[in-house]
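> Quick one, what's the 3D model for this:
(one chain, ligands or ions: 1)
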Amino acid sequence: MAIGIGLLGLGTVGAGVAGILATPEGRHPLVGELSLRRVAVRDPGRPRPVELPAELITTSPEAVVDDPSVDIVVEVMGGLEPARSLILRAIAAGKPVVTANKAVIARHGEEIAAAAAERGVYVLIEAAVGGGIPIIEPLKQSLGGNRIRRVSGIINGTTNYILSRMAAEGAAYAEVLADAQRLGYAEADPAADVQGGDAADKIAILAGLAYGGPVPRAAIPAEGIDRLDARDVAYADRLGYVVKLLAVAERVGEVAAAEAEQPLDVRVHPTLLPRQHPLAGVNGVNNAILVEGDPVGQVMFYGPGAGAGPTASAVVADILNIAGIRQVGGEGAVGLDPLLAASSWRRCALVDGSDTRHRNYVRLQTRDEPGVIGRIGTCFGEAGVSIQSIVQFEADDPVAEIVVITHEVRESQFRGALAAITGLPEVQTVAACLRTL
Ligand SMILES: NC(=O)c1ccc[n+]([C@@H]2O[C@H](COP(=O)([O-])OP(=O)(O)OC[C@H]3O[C@@H](n4cnc5c(N)ncnc54)[C@H](OP(=O)(O)O)[C@@H]3O)[C@@H](O)[C@H]2O)c1
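Numbers count the residues shown, from 1 in each chain. Next comes the predicted model:
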């Protein structure tokens, strides 16, 4: 029996989904059971890459959700509202939802999950993180037997494209961004990508799944690449590192009991990765997520993080999951599968950043005179910060550029050392400060 699909949005992702549904040959036979019944757009006159009968198209997204022939609602319109209200409306009507909308899930996921659990319907979100890379389902299901230690990823294709070109060409950030906008790899307003907000949305979602409870999105510190200097990318290269915008969610201390809060360190920032690190070779618009767990060890998920085809692949996978359950009469009859529904089973709390431990890269501009490196080393030593390397690079006379890479140190101690260094008369400025793996 055909399963009715309602699409909210027929843009990049929506058109990709419609394209798959229109060409079921060679795909799983269940794809042939999916029937597109209603599609909401803002402007019906806009040319589209897929041709659909005019009677399917409406400018009323509510009409799609309410249409009795629509069994599954697919939200690919983006934005917070009306997307959130439409998802809740579908749930209230007992209709399962598939969405690619990380912004809405990162901010309203708890409310949506509670409504879905109450009504007994699935809300599936594979396309919300990593585009075509299967990562949501592995975290919910395939890796469910693990205690997750860390999830770290390159989960924003725009910034990875910019960083890859800065590294390969030695080009400045602003120059590559302008080019990326011309080529369609960056939005006209790139703020959410380059300031780290998009990656923070996605790591909030991944952390919530990896650790079993919602993570407060607003509390995640996010630093982007918009202030990154090409010099730091070049110096990192000379020291054996590459710079990537990394999103990290890490368990702090031991595994908390199910009834206790799990402390987590969750953050987004440009990071120096040793060249041999598994994420260091991920270039261009590709994404990758490294999951470290006990007992699995390290597993990495790699692939296209965006685009019509890859994202539609993830959306259709979710639709098929629901269609499969529906076909065997499971939906509603036996309650929700707790692994697929990803119900939360504990609370998570973010730790104070000053208590976390990291390695650091610091670039200082100083007067070019004897003894400066020694005095900087003394400041670090007195604050209990051990140095892995300290190198002077040539700069414009009379300024010297000194780059320090520390061993792992508590953030508060590192900040104390920097305050002392800034007070040295020879030190003109702390020009850059980046995390290092
Ligand atoms: N693009 C990607 O590669 C990608 C990857 C992963 C996740 N996502 C997520 O997928 C979602 C969709 O992204 P997209 O790139 O496909 O966006 P898009 O190209 O801008 O498409 C949005 C679609 O929604 C329609 N729409 C927006 N507001 C509407 C409203 N109020 N009423 C009716 N229709 C409305 C638009 O209609 P018109 O066409 O008439 O303007 C358009 O068809 C977003 O949440 C995004 O974050 C995208």
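> Is Ala432 within a helix or a strand, and which one?
In this structure, Ala432 sits in strand 427-436 according to DSSP states H and E.
> Pairing partners for that strand, with directions?
Applying DSSP bridges to the sheet, strand 427-436 is found paired with strand 262-274 (parallel), strand 357-367 (antiparallel).
> Give me the phi and psi for Val285.
Main-chain torsions, Val285, degrees, to the nearest 10: phi -80, psi 0.
> contacting residues for it?
For Val285, the contacting residues are 157-158, 160-161, 185, 304-307, taking C-beta atoms under 8 Å, 6 or more residues apart in numbering as the criterion. In short, each C-beta sits where N, CA and C put it, glycine included.
> go again using 6 Å as the cut-off
With C-beta atoms under 6 Å, 6 or more residues apart in numbering as the criterion, the residues that contact Val285 are 157, 161.
> mind checking how far it is from Pro310?
Taking C-beta to C-beta, to the nearest Å as the criterion, Val285 is separated from Pro310 by 10 Å.
> who touches the closest residue to the ligand within the chain in this structure?
Relative to the ligand, the nearest point of the chain is Gly11 (1.8 Å; C-beta to the nearest ligand atom). Contacts here follow C-beta under 6 Å, 6+ apart; on that basis Gly11 touches nothing.
> Could you rerun that using 8 Å?
Contacts of Gly11 were listed using C-beta under 8 Å, 6+ apart, and they are 76-78.
> Next: Pro134.
Counting by C-beta under 8 Å, 6+ apart, Pro134 has contacts 126, 301, 314, 317.
> quick revisit: now for Val285 and Pro310: what residues contact both?
Residues touching both Val285 and Pro310 (C-beta under 8 Å, 6+ apart): Pro304.
> Return the helix or strand in this protein with minimum mean pLDDT.
helix 338-341 (a mean of 92; mean pLDDT, DSSP states H and E).
> can you pull the buried residues of that one?
Across helix 338-341, burial judged by 16 or more other C-beta atoms under 10 Å covers 340-341.
> Now tell me what touches that helix from outside.
116-117, 122, 124, 140-141, 144, 321, 325.
> any chance of the residues you listed in a markdown table, plus secondary structure?
Rendered in a markdown table, the data for the contacts of helix 338-341 read as follows (DSSP: H, G, I helix; E, B strand; the rest coil):
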| residue | secondary structure |
| --- | --- |
| Ala116 | helix |
| Ala117 | helix |
| Tyr122 | coil |
| Leu124 | strand |
| Lys140 | helix |
| Gln141 | helix |
| Gly144 | coil |
| Asn321 | helix |
| Ile325 | helix |
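> of all those, which two lie farthest apart?
Taking C-beta to C-beta as the measure, the contacts of helix 338-341 reach their widest spread between Ala116 and Gly144, a distance of 19.2 Å.
> okay, the two: which has more neighbours?
Ala116 (23 against 14; other C-beta atoms under 10 Å).
> so how far is Ala115 from the closest residue to the more buried one other than its chain neighbours?
Distance criterion C-beta to C-beta, 6 or more residues apart in numbering; nearest residue to Ala116, sequence neighbours excluded, is Val123 at 4.6 Å. Using C-beta to C-beta, one obtains 8 Å as the distance from Val123 to Ala115.
> more crowded one of the two?
Under the criterion of other C-beta under 10 Å, the comparison of Val123 against Ala115 puts Val123 first, with 26 against 17.
> ok, back up a step: buried residues, the helix or strand just after the least confident helix or strand of the chain. List them.
Sequence-wise, the next helix or strand beyond helix 338-341 is strand 348-350, with elements assigned using DSSP H and E. For strand 348-350, the neighbour count (16+ other C-beta under 10 Å) marks 348, 350 as buried.
> quick check: mean pLDDT across stretch 243-263?
Taken as a whole, stretch 243-263 has an average pLDDT of 92.
> sorry, back to before: quick check, pLDDT for the residue of the chain closest to the ligand.
97.
> just to revisit the earlier point, who touches both of Val123 and Ala115?
With the criterion set as C-beta under 8 Å, 6+ apart, the overlap between the contacts of Val123 and Ala115 is Ile91.
> can you tell if stretch 160-180 touches the ligand?
No: using C-beta under 6 Å from any ligand atom, we find that stretch 160-180 stays clear of the ligand, coming within 12.9 Å at best.
> Please save the CA atoms from that stretch in PDB.
Output of stretch 160-180 as PDB, limited to C-alpha atoms (Å, rounded to 0.1, in the frame of the first residue of the first chain):
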ATOM      1  CA  ASN A 160      36.500  23.300   5.600                       C
ATOM      2  CA  TYR A 161      36.600  24.500   2.000                       C
ATOM      3  CA  ILE A 162      37.900  27.900   3.100                       C
ATOM      4  CA  LEU A 163      40.600  26.400   5.400                       C
ATOM      5  CA  SER A 164      41.700  23.800   2.800                       C
ATOM      6  CA  ARG A 165      42.300  26.600   0.300                       C
ATOM      7  CA  MET A 166      44.000  28.800   2.800                       C
ATOM      8  CA  ALA A 167      46.400  25.900   3.600                       C
ATOM      9  CA  ALA A 168      47.000  24.900  -0.100                       C
ATOM     10  CA  GLU A 169      47.400  28.400  -1.500                       C
ATOM     11  CA  GLY A 170      48.500  30.500   1.500                       C
ATOM     12  CA  ALA A 171      45.600  32.700   0.700                       C
ATOM     13  CA  ALA A 172      43.900  35.200   3.100                       C
ATOM     14  CA  TYR A 173      40.600  34.300   4.700                       C
ATOM     15  CA  ALA A 174      38.600  37.200   3.200                       C
ATOM     16  CA  GLU A 175      39.900  36.400  -0.300                       C
ATOM     17  CA  VAL A 176      38.900  32.700  -0.200                       C
ATOM     18  CA  LEU A 177      35.500  33.500   1.400                       C
ATOM     19  CA  ALA A 178      34.700  35.900  -1.500                       C
ATOM     20  CA  ASP A 179      35.700  33.200  -4.000                       C
ATOM     21  CA  ALA A 180      33.600  30.600  -2.100                       C
END
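> For it, give me every contacting residue.
154, 158, 185-186, 190, 194, 225-226, 228-230, 233-234, 237, 242-245, 270, 282-287, 305.
> In helices, which of these appear?
158, 194, 230, 233-234, 237 (DSSP state H).
> beta partners of the residue nearest to Ala116?
Legend: beta-bridge partners of Val123 under DSSP bridges are Val97.
> and it, what does it touch?
In this structure, Val123 makes contact with 87, 91, 96-99, 112-113, 116, judged by C-beta under 8 Å, 6+ apart.
> which of those tops the neighbour count?
For the contacts of Val123, the largest neighbour count, defined by other C-beta under 10 Å, is 30 neighbours, found at Val98.
> In what element of secondary structure is the residue nearest to that one when sequence neighbours are not counted found?
By the measure of C-beta to C-beta, 6+ apart, the closest residue to Val98 outside its immediate chain neighbours is Asp318, 4.3 Å from it. Element membership of Asp318, judged by DSSP H and E, is helix 308-327.
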